[in-house]
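J.: this is a predicted model, with the sequence first.
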Amino acid sequence: MVETELYLIRHGETDWSRAHRYTGRTDLALTAAGREECRRTRATLFELAGSEAVFDRVYASPMARAVQTAECIFGPQCPVEVSDLLREIDFGDLEGLTLAEQEATCPDASVWRHGGRNGETLEEVGRRADAFLGTCVGERDRVVVVSHGYIMRIIAARALGLQPHHGALFAMSTGSVGLVADVRGRRVVAAWNLPARSG
C-alpha cells in the first residue's frame, strides 16, 4: 500500500534556466516556452498520479517562476500554499553566473560541496528541507511541491535519509516531475525527472 506520495515538480523554463545560469533569489518569470512546458507537465503529473488524482495539498516556492508553474498546472483557482522553506538556495556570489563563468571566476566553488559562495551552506538548505518535510508532509498524504532544482533535489535526498550533498545524484530538468513515496514500509524514488509530455 502506498502511504505517502510526494510529487516534486521543478518550475518551467526561464531566461536564466535556458542559459544555465545559477538562479537563486533572482525572481524571474517563466518564458512563453516555460508556460507551455508547464501545461505539458500537467499531463505528465496526472499520467503518473492517475487521471482522477486528488492531492491533499499543493505547495510552491514564493518565487514567481514556481507560483506561475503551479497555476499553469492546476489553474489559478487552486489553493496553492506558498512556503518560504521552498525558496531556492541562496547562491551568493554565484548568482547569475553560468557554470563556465563560475569556473573562470570562482574555480574553487562547488555548490554540492560548499553551498552558495557567500550565500547559504548545504547544511542550512538541508535544515530548510527537513523543516518542510517535518511540518508539511504527513503520513498518508499526497502532496505536490513546485519549486527549484537544487532545493528539490535536497528535499528528495533528505526524504530518503541521505545527506544534502547527495542531491547531486538527482538530475532535475525544468518542468519535470519526480515522485518519492512510501511503499510497503520503505521510502523510495518511485519516478524521477519525468519530462513534460510532448505534443
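T.: That came in fine, so what should we check first?

J.: residue 100: what's it in contact with?
T.: If you count contacts by Cβ atoms under 8 Å, 6 or more residues apart in numbering, residue 100 has none. Any C-beta I mention is one placed from the backbone N, CA and C, and that applies to glycine too.

J.: would you quantify the distance from it to residue 20?
T.: To residue 20, residue 100 is 9 Å away according to Cβ to Cβ, to the nearest Å.

J.: residue 162 too?
T.: Taking Cβ to Cβ, one finds residue 162 at 25 Å from residue 20.

J.: show me where this protein has strands.
T.: Along the chain, counting by DSSP state E, strands occupy 2-10, 57-60, 80-82, 142-147, 177-183, 186-194.

J.: between residue 162 and residue 20, who's got more neighbours?
T.: Taking other Cβ atoms under 10 Å, residue 162 and residue 20 do not tie; residue 162 has more neighbours (15 against 12).

J.: that older thread, now render the strands of the chain as TSV, adding mean pLDDT, distance to residue 171 and mean neighbour count.
T.: Shown next, in TSV, are the strands of the chain (pLDDT from 0 to 100; distance: least, Cβ to Cβ, whole Å; neighbours: other Cβ atoms under 10 Å):
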stretch	mean pLDDT	distance to residue 171	mean neighbour count
strand 2-10	90	10	21
strand 57-60	95	21	20
strand 80-82	94	25	15
strand 142-147	96	16	25
strand 177-183	94	10	21
strand 186-194	95	6	15
